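Colleague: for reference, the sequence and a predicted model appear below.
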Amino acid sequence: MTTIPPANTPVIIGVGQVQQRIDDPSQAEDATALMAQALRAAAQDAGATNDPIASAGVLAVVNTLSWRYGDSARIVADRLGIAPRRVVTPMGGNSPQSLVNSASQRILRGELDCALLVGGETWRSRMRARKHGIDLTWPKVDPEVLEQEPPETWGHDLQMSNPEETELGLVMPVQVYPMFETAIRAARGVTPEQHIADVGRMWSAFSKVAEQNPNAWLRTSLSGDEITTPSSSNRMVGYPYTKAMNSNNDVDMAAAVIICSAAHAEALGVPIERWVFPHSGADCHEHPFISDRDDFARTPAVELGGRQALELAGVTIDDIAHLDLYSCFPSAVQLGAKSLGIDPYNESRPLTQTGGLSFAGGPWNEYVMHSIATMVETLRNDPGSTGLVWANGGFVTKHAFGVYSTTPPAQEFRHAEPQDEIDALPRAGWADAAEASTDTTTHVEAYTVMHGKSSEPETAWAAIRLADGRRTFGKSDDPSLLTHLLVGEHVGEVVHVSPDHSFEPVN
C-alpha cells in the first residue's frame with residue numbers, strides 16, 4: 001500500500017492481549033486493570049509517535065460478568081487517566097465485532113476520530129475467591145455517580161428465552177448447544193459414531209491452532225479421540241459434549257483494539273504497515289426464542305448477514321484467506337460454517353485464528369476481541385490478504401460479521417443489517433405440553449443428556465415437534481430414558497409428552 005485512503009476511512013492501528021495467571025485470588029487484579037493493560041499494549045503495538053490513548057474520543061467496554069462495576073468504562077478511563085465518552089455494550093459474544101462496526105460507521109460519518117475498544121474478564125480469580133471465602137475489594141462506581149453520569153450503550157439488549165422456556169429451566173448454553181449438535185448430526189444422515197469422529201477432528205484442529213498461539217490459555221494440542229472420549233479429566237457435560245468441547249470461561253484475560261480515521265492515524269504517526277482496514281460489517285439475529293427457530297440444523301441469519309457482509313466487501317467466501325468462526329461449542333462452528341458455504345469437516349483453511357473458546361479461552365462476551373486482535377496480527381503477516389470474523393451471542397442468536405484487510409477498501413466501509421428479511425422467515429412457535437400430550441405423532445427433533453460433576457447422567461432434554469410443526473420441550477430424569485438416549489440415534493423417534501413436560505418413547 002503506497003497511497004493514503006480517504007481521511008474518514010476507519011482503520012485499526014493497534015491491538016493488545018493480556019492474561020493473568022495468579023492462583024491466589026486475593027493478589028489478583030480485577031478485569032478493569034487487565035483492560036487498561038491491554039489498551040496500553042495496543043497503543044504500544046500501534047508504534048505511533050503520539051499517544052493514541054490520550055487522543056481517543058470514546059472508550060467502549062464489552063459488558064462484564066466477573067464483577068458488577070456499575071460503569072466499567074469509567075473505571076478503565078480512570079486507570080488510564082483519560083476522560084473520553086464512555087460506552088458499554090449489552091450482553092452477548094457478538095459485542096466486540098458490533099463495536100468495530102459501530103465505531104467504523106461513526107468514523108466514516110465524521111462523528112469520531114479515535115475509539116478504544118476493550119473487554120476483559122477475571123472469572124477464574126472470582127470463582128477461586130468464592131470457593132475459598134475471600135472477599136474481593138475490586139472497584140465499583142458509586143450508584144449516585146452512575147445515576148447522574150451513566151455511560152452510553154451501543155447496541156440493543158435482546159430477550160432470548162420466552163417465559164415457558166425460562167419456567168422449564170431451559171436457559172443455559174450448555175443445555176442448548178448439544179441439542180443443536182444432535183440436530184446437525186441427524187440432518188447430515190450419518191451415524192453418531194461417524195459424526196463425533198468428524199467433530200473430534202475439527203475440534204482437534206482448533207487445539208492445534210491454540211498450541212501455536214502465544215495468547216491462548218491452553219496450549220496443548222489434543223487428538224480427536226482425546227477430545228471426544230470422556231475421562232477423569234474430561235468428563236461428559238451435555239451429551240455428546242465432553243468438557244473439552246465446552247467454552248472454557250475459567251480464565252483471566254483481556255483484549256483491546258484501537259480504531260481511528262486514516263487522517264487521525266496519520267496524525268498520530270502510526271506506520272502505515274500497522275494499518276488494518278475494516279472493509280464491511282453486518283449485524284443481525286435469528287428469531288430470539290429457540291422455540292421459534294424453524295430448523296435447529298440451520299442459521300438463516302448467518303446465511304443472510306454473512307453473505308451481505310461479503311458482498312459489501314466485494315468478495316466471496318472463497319476469497320477469504322483467514323477465518324475466525326465463533327466457537328463456543330462445536331455446533332456453533334458447524335452451523336456458522338455451513339451458513340457461510342464452508343465444509344467444517346474438510347476445510348483446508350483453519351476455522352479459527354486463536355484456537356477457539358475451548359482452548360484459547362472463553363472470557364464470556366469478550367472473546368471476539370481476541371479474535372479481532374489475532375486477525376489483525378495475521379493480516380499484517382500476510383499483507384493484501386482478507387480475513388472474516390463471525391461473532392455470536394446467545395444460542396447462536398445474535399451475529400456480527402467483519403471483513404478485514406491491510407489493503408484499503410475499494411469503496412468506503414459499508415454495513416448491513418438485514419433484520420427485516422430475517423424476521424419474515426418461518427417460525428415454529430411454542431406448543432404447550434398439555435397440547436402435545438394429545439398428539440400421537442410428536443417426535444424428537446434434537447436432544448441431550450446433562451451430566452453432573454461426577455459424570456453421572458442427570459437430566460434429559462429434548463426438542464419435540466408436533467404434527468402442525470410447533471415445538472415444545474421435554475425434560476426427564478428417568479434413569480431408563482437417560483440410558484436409552486445415550487446409545488444410538490433418537491432424532492425422529494416418536495415420543496409421548498406428558499402435561500408436566502416429561503416424555504418417553506412410544507413402543
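Modeller: Okay, I see it.
Colleague: phi first, then psi, for residue 241.
Modeller: phi -100, psi 120 (degrees, to the nearest 10).
Colleague: count of neighbours near it?
Modeller: Counted with other CB atoms under 10 Å, residues neighbouring residue 241 total 26. Where you see a C-beta, it was placed from the backbone N, CA and C, and this is true even at glycine.
Colleague: pretty sure it contacts residue 177?
Modeller: Yes - using CB atoms under 8 Å, residue 241 makes contact with residue 177 at a distance of 7.4 Å.
Colleague: who touches both of the two?
Modeller: residue 329 (CB atoms under 8 Å, 6 or more residues apart in numbering).
Colleague: quick check: the closest residue to residue 32 other than its chain neighbours vs residue 120, distance?
Modeller: Counting by CB to CB, 6 or more residues apart in numbering, the nearest residue to residue 32 once its immediate chain neighbours are dropped is residue 75, at 4.4 Å. In this view, residue 75 and residue 120 are 11 Å apart by CB to CB, to the nearest Å.
Colleague: which outside residues touch the helix or strand harbouring the residue nearest to residue 32?
Modeller: Using DSSP states H and E, residue 75 maps to helix 72-80. The contact list for helix 72-80, computed with CB under 8 Å, 6+ apart, reads 31-33, 35-36, 39-40, 53, 59-61, 64, 69, 83-84, 86-88, 118, 139, 141, 145, 149, 151.
Colleague: contact partners for the nearest residue to residue 451 once chain neighbours are set aside?
Modeller: Distances taken as CB to CB, 6+ apart place residue 236 nearest to residue 451, at 4.5 Å, with adjacent residues excluded. For residue 236, the contacting residues are 230, 242, 451, 455, 457, by CB under 8 Å, 6+ apart.
Colleague: run the last query once more with 6 Å
Modeller: Counting by CB atoms under 6 Å, 6 or more residues apart in numbering, residue 236 touches 230, 242, 451, 455.
Colleague: can you list these in JSON lines and add secondary structure, neighbour count and pLDDT?
Modeller: Below are the contacts of residue 236 laid out as JSON lines (DSSP: H, G, I helix; E, B strand; the rest coil; neighbours: other CB atoms under 10 Å; pLDDT from 0 to 100):
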{"residue": "230", "secondary structure": "coil", "neighbour count": "16", "pLDDT": "96"}
{"residue": "242", "secondary structure": "strand", "neighbour count": "25", "pLDDT": "98"}
{"residue": "451", "secondary structure": "strand", "neighbour count": "22", "pLDDT": "98"}
{"residue": "455", "secondary structure": "coil", "neighbour count": "15", "pLDDT": "89"}
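Colleague: let's have these in CSV, adding distance to residue 284.
Modeller: As requested, the contacts of residue 236 are exported to CSV (distance: CB to CB, whole Å):
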residue, distance to residue 284
230, 37
242, 32
451, 34
455, 38
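Colleague: closest to residue 16 among those?
Modeller: residue 242 (32.5 Å; CB to CB).
Colleague: distance check, the closest one against residue 416.
Modeller: For residue 242, the distance to residue 416 equals 37 Å [CB to CB].
Colleague: what is the burial count for the closest residue to residue 92 other than its chain neighbours?
Modeller: Closest residue in space to residue 92, ignoring its immediate chain neighbours: residue 393 at 2.8 Å, by CB to CB, 6+ apart. Neighbourhood size, residue 393 [other CB under 10 Å]: 26.
Colleague: so what does residue 393 have for phi and psi?
Modeller: On the backbone of residue 393 - angles per degrees, to the nearest 10 - the values are phi -130, psi 150.
Colleague: where does it land on pLDDT?
Modeller: Note for residue 393: predicted pLDDT of 97.
Colleague: in the helix holding residue 75, what's buried?
Modeller: By 16 or more other CB atoms under 10 Å, the buried positions in helix 72-80 come out as 72, 73, 74, 75, 76, 77, 79, 80.
Colleague: same check on stretch 455-469?
Modeller: Buried, per 16+ other CB under 10 Å, within stretch 455-469: 457, 459, 460, 461, 462, 463, 464, 465, 466.
Colleague: now that stretch: how far from the chain's centre is it?
Modeller: 25 Å (CA atoms, centre = their mean, to the nearest Å).
Colleague: contacts for it next, please.
Modeller: With contact meaning CB under 6 Å, 6+ apart, stretch 455-469 is reached by 175, 179, 235-236, 431, 436, 439, 441-452, 471-477, 481-482, 485, 497.
Colleague: out of those, name the ones that lie in strands.
Modeller: Using DSSP state E to define strands, the subset of the contacts of stretch 455-469 located there is 236, 443-451, 471-476, 497.
Colleague: return the distance of the residue nearest to residue 32 relative to residue 146.
Modeller: Distance, residue 75 to residue 146, by CB to CB: 11 Å.
Colleague: in this structure residue 10 contacts residue 278, no?
Modeller: Yes - counting by CB atoms under 6 Å, residue 10 touches residue 278, with 5.5 Å between them.
Colleague: what lies in contact with stretch 47-66?
Modeller: Outside of stretch 47-66, the residues within contact range by CB under 6 Å, 6+ apart are 31, 43, 46, 72-73, 77, 80, 84-89, 91, 95-96, 99, 112-119, 121-123, 126, 258, 268-271, 274, 364-366.
Colleague: likewise stretch 383-398?
Modeller: Against stretch 383-398 from outside (CB under 6 Å, 6+ apart): 92-94, 97, 160, 176, 285-286, 290, 299, 315, 320-326, 332, 335-336, 368, 371-372, 375, 379, 399-407.
Colleague: would residue 12 count as being in a strand?
Modeller: Yes - checked against DSSP: H, G, I helix; E, B strand; the rest coil, residue 12 lies within a strand.
Colleague: and for it, nearest residue in space, chain neighbours not counted?
Modeller: Leaving aside its chain neighbours, residue 12 sits nearest to residue 276 (4.6 Å; criterion: CB to CB, 6+ apart).
Colleague: show me what contacts residue 280?
Modeller: Neighbouring residues of residue 280 by CB under 6 Å, 6+ apart: 309, 312, 313, 403, 414.
Colleague: just the ones in helices from those, please.
Modeller: 309, 312, 313 (DSSP state H).
Colleague: nearest to residue 425, of these?
Modeller: Nearest to residue 425 among the ones in helices among the contacts of residue 280: residue 309, at 18.4 Å, using CB to CB.
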